[in-house]
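1. Provide a 3D model corresponding to the input given below.
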Amino acid sequence: MSHSFLITEDDYLAAMQLHARPRGWQWAFIAALALLCVLALLFMRSPWREAGLGGLIGLAAMMLLTRFVIGPLVWRRHYRRYPAIRQPVEAELLDTGLRLQSPSGESRLAWEQMVKWRENDRLVLVYVSPVLFHLLPRHALPAGFDVQALRDALAKHLGPPR
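-> Numbers count the residues shown, from 1 in each chain. I've put the predicted structure just below:
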């Protein structure tokens, strides 16, 4: 049985924030940059000490601005310029995968075509490539759609969320 829902601008923003969250090697890269700045700050002489302080401040400012200012502005603009995302979507959990349909088209995603998934308390993202995902907002899914069955099936076929 299929269930219809709408993706709101806030849903899209939350999905992009979940998608853009640094993971694994990205955190390692950020930590390495921060460590270099701290080492310069602690053990080097001027002007390297000031460069280390500037690097730490710049790194923190860049992360905060990107996450809380620039990213949301860009993502909201993307949502507003993407009319197809505001159309109703029908979702149906199948034994073979997931079917998503809107007036713009239909996707029948077999478990083998999905590469990973992520979730938080608000939504589930189902990835068909490392950067392309389908968004299922929990609050917008009707009562008849079994989110737990979807989570169990994703975990069975793709492993834990990552």
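2. okay, now the unreliable bits of this protein?
-> 1 (pLDDT under 70).
3. grab the most central residue of it for me.
-> By CA atoms, centre = their mean, the mean C-alpha position of the chain lies nearest to H19, the distance being 1.5 Å.
4. show me what whichever strand or helix holds that residue is in contact with.
-> Per DSSP states H and E: H19 is located in helix 9-20. For helix 9-20, the external contacting residues (CB atoms under 8 Å, 6 or more residues apart in numbering) are 67, 71-72, 75-76, 78-80, 85, 118, 120, 122-123, 125, 131, 133, 135, 137, 140. C-betas here are computed from N, CA, C, even on glycine.
5. chain center to the longest helix anywhere in the chain, what's the gap?
-> Counting by DSSP state H, the longest helix found in the chain is helix 24-43. Offset of helix 24-43 from its chain centre (CA atoms, centre = their mean, to the nearest Å): 25 Å.
6. point out the other elements, helices or strands, that the helix or strand following it touches.
-> Reading on from helix 24-43 to the C-terminus, the next helix or strand found by DSSP H and E is helix 48-65. Applying 3 or more CB pairs under 8 Å, 6 or more residues apart in numbering; DSSP states H and E, one finds that helix 48-65 makes contact with helix 24-43.
7. great, nothing more from me.
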